[in-house]
Each structure stands twice: as C-alpha cells, then as structure tokens.
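Asks: okay, sequence plus prediction incoming.
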Amino acid sequence: MLVLGIESSCDETGVALYDTEAGLLAHQLHTQMAMHSEYGGVVPELASRDHIRRVLPLTTACLAEAGRSLEHIDAIAYTAGPGLSGALLVGASVANALAFALDKPTIAVHHLEGHLLSPCLADPAPAFPFVALLVSGGHTQLMAVHGVGRYELLGETVDDAAGEAFDKSAKLLGLGYPGGPALSKLAEQGDVNRFTLPRPMLHSGNLDMSFSGLKTAVLNLVNAQSELDPQTQADICAAFQAAIVEVLVKKSLAALKQTGLQRLVIAGGVGANRQLRAALDEAAARRKYTVYYPPLALCTDNGAMIAYAGAQRLQHQQTAGAYSVQPRWDLASLAQA
C-alpha cells in the first residue's frame, strides 16, 4: 500500500511517499525559516500562502524521486491538527482534492502522532510498548505508548514547551530567529559551570515540567551583565541547555521507572539536540534502557511521519478526524480502549 503524506501545520511544507512493504520511498521538505526570520517569528498568513505555492511542486518532485505517479497512490494522509488553522487547511484541501480526483481514501493525521511514530522509520525501530518524550517548539509531553492509537499522557509542561524556551531565550541573547539551533551550537563553546540556572519542577514528585521560569532566569541573568560579550553569551547558553537537558533526562527516566517499560522514544525538533541525545544515551545505558530517535532529517516537521502514521492507521483500520482541521487537538483523545 502506497501512502502520500502531506504536512503543513506551521512553517514547513513536507510531502512524502511511504510504502508499507518497501518503506519510505521519497520525501521532500521546504522550510519557511528564512521568510519568517525577518519578522522574528512565524506570520500565519505568510505561512499559509507559502504552503499553497510549495505543496504541489513538492508532490511532483516526490513522485519523481520515487519513480511513481499519482495513479500508484492508494491513500493520502494529511496533518489535520494541531497547528495554524490556515496552514492546516492548505494541506487538508490539497489532500482531499487529490483523493476525490483519484477516488482514494484520506486519513486525517494528528501532528503529534506523526512525531511520536517517526522513530519507527529508523533502523532499528522500537517495538511497542514504550515511553515517548515528545519535545518540540510547541509541545513537551511524556506518553506511554501501547500501540497505534493507544496513548496515555504521563506528564507535560505546564507552561512553555522546551523548544519554545530555547527560542525565547535565544532571542533574549540576541541570537535571532529561530534561535534554538543557534543557542545549542553556541552552548558547545561555553563554560557550563560559570552560571547556575534553576531546574524547574525537577523534584515535583510527578512527571510534569515547566520552562517559563527558566526563561525568566535567563532574562535576569542577561540584565545583570555589564557587557554581553560573546563568551558570556556562550556561557549562558551552556547553563541554559544543561538545565533543560537535566530536567528532560530525569523526567524521562522517572517515566520509565513509573511505567516499568524499558524503551524510550524521543521525537520532535529538540530530539536533534546533541547534548540531550548524549545525556539520554549515557543515563539509559547505566540503567539498561534502550533509547530510539528518528533520523535527524525527520526530527523537524515532515511529510514522512504523516505518511507513516497514516499508513499505520489504515493497517489498524483506525481513523482520526474527517475533512476538517483542528488547530487544537489533544493527542490523548486518540486513545483507543
């Protein structure tokens, strides 16, 4: 079964072809990063218009890369939410128009379910059940995953997501937009011991997290400096990254202990962070846990994860939504009894 996946939830247009027998055949991605950097953040109207320009050429390129035509497609999956409503409508409209023309079914995919299942595109892939840490610019959640559509929320951030805290702290440091990757890179040159930043909710007794206070601590630290020279910038970046990584690692290990599961899956854009990966690998190895990550190219929003999630839902005879979009959509609402 060949599934076309379309992702358009925010500022990246992704198209991919996934074959249930041959695996991922092709994927194409366009990022709007340069366009939005002029405004210091994502402009929804510009994002929607750019998706309109990109989605069909990317589909054509994806088909050419895979050596397939539209007639070979068995189903079309698209991101139905959560995300920017206008951007979501672009992908939904194109997917349903193509499906109507080809007389093929559509699958409305939850964006976070795509991220959650994306490590299954890696080799080796994790087997169910596992604990998943979804960590991105908009979401930070710990889930117990028992199968496709069988998700249990264990804990989440009560305010800013980890990736959001990265971007906002980078802006405070004058690193531009999107600042998360720039902050991580600069942190490698910093002295992690020069400054001490708080570890919010590290000892809360539950699996919830908070990063808004950490961002405020960065602001106070920046304001306390007589001069924000390059080395001081790097040292603050190192302290900030170390604080977030420690919280994410300890909460993930606590989730594994609480559930009794042995496998941990990391998904979302922050899952590409090198220090987070190194710290998780080291901590998991000491406790005999196994950690799985999506391929680096699939950590950000992409069509491959949507095509894969759609294919899994079809194979399990599950559906998620109809021809509509849900800018706010709780992942736990997909749980099956």
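Replies: Everything's here; your move. Residues are numbered from 1 along each chain as shown.
Asks: switch to C-alpha atoms for all contacts and neighbour counts from now on
Replies: OK.
Asks: what helix or strand is Tyr323 on?
Replies: Under the criterion DSSP states H and E, no helix or strand holds Tyr323.
Asks: wait, isn't it in contact with Asn96?
Replies: Yes: counting by CA atoms under 8 Å, Asn96 is a contact partner of Tyr323 at 7.4 Å.
Asks: just give the closest residue to Gly262, not the sequence neighbours.
Replies: That one is not Gly; residue 262 is Gln. Spatial nearest neighbour of Gln262, chain neighbours left out: Tyr289 (5.1 Å); criterion: CA to CA, 6 or more residues apart in numbering.
Asks: what residues are up against that neighbour?
Replies: Contacts for Tyr289 (CA atoms under 8 Å, 6 or more residues apart in numbering) come out as 262-264.
Asks: and the residue nearest the centre of the chain, how far from Ala101?
Replies: For the chain, Gly268 is the residue whose C-alpha lies nearest the centre (CA atoms, centre = their mean; 2.4 Å). Using CA to CA, to the nearest Å, Gly268 is found at 33 Å from Ala101.
Asks: does the residue lying farthest from the centre of the chain sit in a helix, a strand or a coil?
Replies: The centre of the chain is farthest from one residue, Ser226, which by CA atoms, centre = their mean lies 36.8 Å away. Put simply, Ser226 is coil when judged by DSSP: H, G, I helix; E, B strand; the rest coil.
Asks: could I get the pLDDT score of it?
Replies: pLDDT for Ser226: 87.
Asks: I'd like to know how far it sits from Tyr78.
Replies: Counting by CA to CA, the gap from Ser226 to Tyr78 is 50 Å.
Asks: and for Leu58?
Replies: Taking CA to CA as the measure, Leu58 and Tyr78 are separated by 14 Å.
Asks: please save the CA atoms from stretch 40-54 in PDB.
Replies: The C-alpha coordinates for stretch 40-54 follow below in PDB (Å, rounded to 0.1, in the frame of the first residue of the first chain):
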ATOM      1  CA  GLY A  40      11.200  37.400  14.400                       C
ATOM      2  CA  GLY A  41       8.600  34.600  14.400                       C
ATOM      3  CA  VAL A  42       6.000  32.800  12.300                       C
ATOM      4  CA  VAL A  43       3.500  35.000  10.500                       C
ATOM      5  CA  PRO A  44       0.400  32.700  10.000                       C
ATOM      6  CA  GLU A  45      -0.900  34.400   6.800                       C
ATOM      7  CA  LEU A  46       2.500  34.300   5.100                       C
ATOM      8  CA  ALA A  47       2.900  30.600   6.200                       C
ATOM      9  CA  SER A  48      -0.400  29.700   4.600                       C
ATOM     10  CA  ARG A  49       0.400  31.400   1.300                       C
ATOM     11  CA  ASP A  50       3.800  29.800   1.100                       C
ATOM     12  CA  HIS A  51       2.200  26.300   1.700                       C
ATOM     13  CA  ILE A  52      -0.100  27.000  -1.300                       C
ATOM     14  CA  ARG A  53       2.900  27.800  -3.500                       C
ATOM     15  CA  ARG A  54       5.000  24.800  -2.400                       C
END
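Asks: just the buried residues of that stretch, please?
Replies: Buried residues in stretch 40-54, counted by 16 or more other CA atoms under 10 Å: 42, 44, 47-48, 50-52, 54.
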